[in-house]
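Asks: Got a predicted structure here, sequence first:
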Amino acid sequence: MADLQGKVALVTGATNGIGKVTALELAKMGAATVIVGRNPEKTRQTIEEIQQVSGNPQVDGIIADLSLMAQVRQAAEAFQHKYDRLDVLVNNAGVGASQRRITSEGYEHMFALNHLSYFLLTNLLLDLIKVSAPARIVNVSSDAHRPATLDFDNLQSERDWGRAGFKAYGRSKLMNILFTRELARRLAGTQVTANAVHPGVVATGIWRGAGGVFGSVVGAVAPLFMRTPEEGAQTSIYVATSPEVRGLTGMYFSDCRPVQPSPAALNDRAAQRLWEVSVAMTGLSEMAAV
Ligand SMILES: NC(=O)c1ccc[n+]([C@@H]2O[C@H](COP(=O)([O-])OP(=O)(O)OC[C@H]3O[C@@H](n4cnc5c(N)ncnc54)[C@H](OP(=O)(O)O)[C@@H]3O)[C@@H](O)[C@H]2O)c1
């Protein structure tokens, strides 16, 4: 187990599933651990639980609905107000939505949460991460990216949403890898690494989003054939903390080892273009971005 005494970690979507286990393990390793949750009561309970189980009192929370970029900005400000370093950032909050829905800011909800929030939160905290180097950024993606391709005229899946939203979900997870690779390229020489991970197929709350008969069936049989959240969190924890991956960046990990993502995820021009489009959408100036 790595020693994270004196380090600060931030984990999004840490009130459930893979993120909750990730935050718990980082707290056990001694990191001051900050979790981002959207539900104040659930976040408070999670903080207490992690404090009790880890024996680490330095567990803190920030409340934000990360599908809204205004709240991503507030979350980053709240973090910067309280902490002067960030050693480990795990962008984990995600959803698998069966129905297409637009946020009050005008973005497709799954695209906003699964991609834009990773992009904006990371960039807003990047100065703090750089001064903490060597530091690590972990973006939780998925092998659901494999059948996906990116059409810049359909980033928000107005067309081809797919059965139960799987195509749109796969696109958002492809964006996680493209973002990670472009971020790693821009961070070259800073001793800040950025990697994406696939946790496996894990019995968590994410399958609730599938909805309908499919969601009910999957929810009922999930524990029989899926990984537990404890198993599913292992690759995130490994990439966030293990000395074995020190210095490795721009990679995609599954089962605690680097694997090749899909050809679409290796498209450098698409990665750069996605970066530029995301800067414009989030109102992040090019100056502020790496
Ligand atoms: N489970 C799998 O099989 C699987 C496979 C591949 C990749 N992944 C990825 O793993 C990551 C974690 O998912 P999980 O399986 O652990 O799912 P989960 O149990 O549903 O947990 C998702 C977390 O994200 C939070 N969240 C959802 N919407 C949010 C919002 N608008 N603002 C802030 N937080 C929000 C949830 O908060 P609440 O507690 O309030 O709901 C929860 O803490 C996701 O990025 C997912 O794409 C999962």
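Replies: Ah, there it is.
Asks: now the lengthiest helix in the chain, how far from the centre of its chain.
Replies: Of all segments of type helix in the chain, defined using DSSP state H, the longest is helix 166-186. Distance of helix 166-186 from the chain centroid (C-alpha atoms, centre = their mean, to the nearest Å) equals 10 Å.
Asks: With just CA atoms, put that helix into PDB.
Replies: C-alpha atoms of helix 166-186 as PDB (Å, rounded to 0.1, in the frame of the first residue of the first chain):
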ATOM      1  CA  PHE A 166     -25.300   2.800 -24.900                       C
ATOM      2  CA  LYS A 167     -24.000   4.500 -28.100                       C
ATOM      3  CA  ALA A 168     -24.100   7.900 -26.500                       C
ATOM      4  CA  TYR A 169     -22.400   6.500 -23.300                       C
ATOM      5  CA  GLY A 170     -19.700   4.900 -25.400                       C
ATOM      6  CA  ARG A 171     -19.000   8.200 -27.100                       C
ATOM      7  CA  SER A 172     -18.600  10.000 -23.800                       C
ATOM      8  CA  LYS A 173     -16.200   7.300 -22.600                       C
ATOM      9  CA  LEU A 174     -14.200   7.600 -25.900                       C
ATOM     10  CA  MET A 175     -13.900  11.300 -25.100                       C
ATOM     11  CA  ASN A 176     -12.400  10.400 -21.700                       C
ATOM     12  CA  ILE A 177      -9.500   8.700 -23.400                       C
ATOM     13  CA  LEU A 178      -9.000  11.300 -26.100                       C
ATOM     14  CA  PHE A 179      -9.100  14.000 -23.300                       C
ATOM     15  CA  THR A 180      -6.600  12.000 -21.300                       C
ATOM     16  CA  ARG A 181      -4.200  11.600 -24.200                       C
ATOM     17  CA  GLU A 182      -4.300  15.200 -25.200                       C
ATOM     18  CA  LEU A 183      -3.900  16.300 -21.500                       C
ATOM     19  CA  ALA A 184      -0.900  14.000 -21.100                       C
ATOM     20  CA  ARG A 185       0.700  15.500 -24.300                       C
ATOM     21  CA  ARG A 186       0.200  19.000 -23.000                       C
END
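Asks: quick one: the next helix or strand after that helix to helix 166-186, angle?
Replies: Counting by DSSP states H and E, the element after helix 166-186 in chain order, helix or strand, is strand 192-198. For strand 192-198 against helix 166-186, the angle by axes from the mean of the first three to the mean of the last three C-alpha atoms, to 10 degrees is 160 degrees.
Asks: What is the least confident helix or strand in the chain?
Replies: Ranked by mean pLDDT, DSSP states H and E, the weakest helix or strand in the chain is helix 212-225, scoring a mean of 71.
Asks: What is the neighbour count of the closest residue to Ser254 other than its chain neighbours?
Replies: Closest residue to Ser254 apart from its sequence neighbours, by C-beta to C-beta, 6 or more residues apart in numbering: His198 at 4.2 Å. In this view, the C-beta of every residue, glycine as well, is placed from N, C-alpha and C. Neighbour count for His198, taken as other C-beta atoms under 10 Å: 24.
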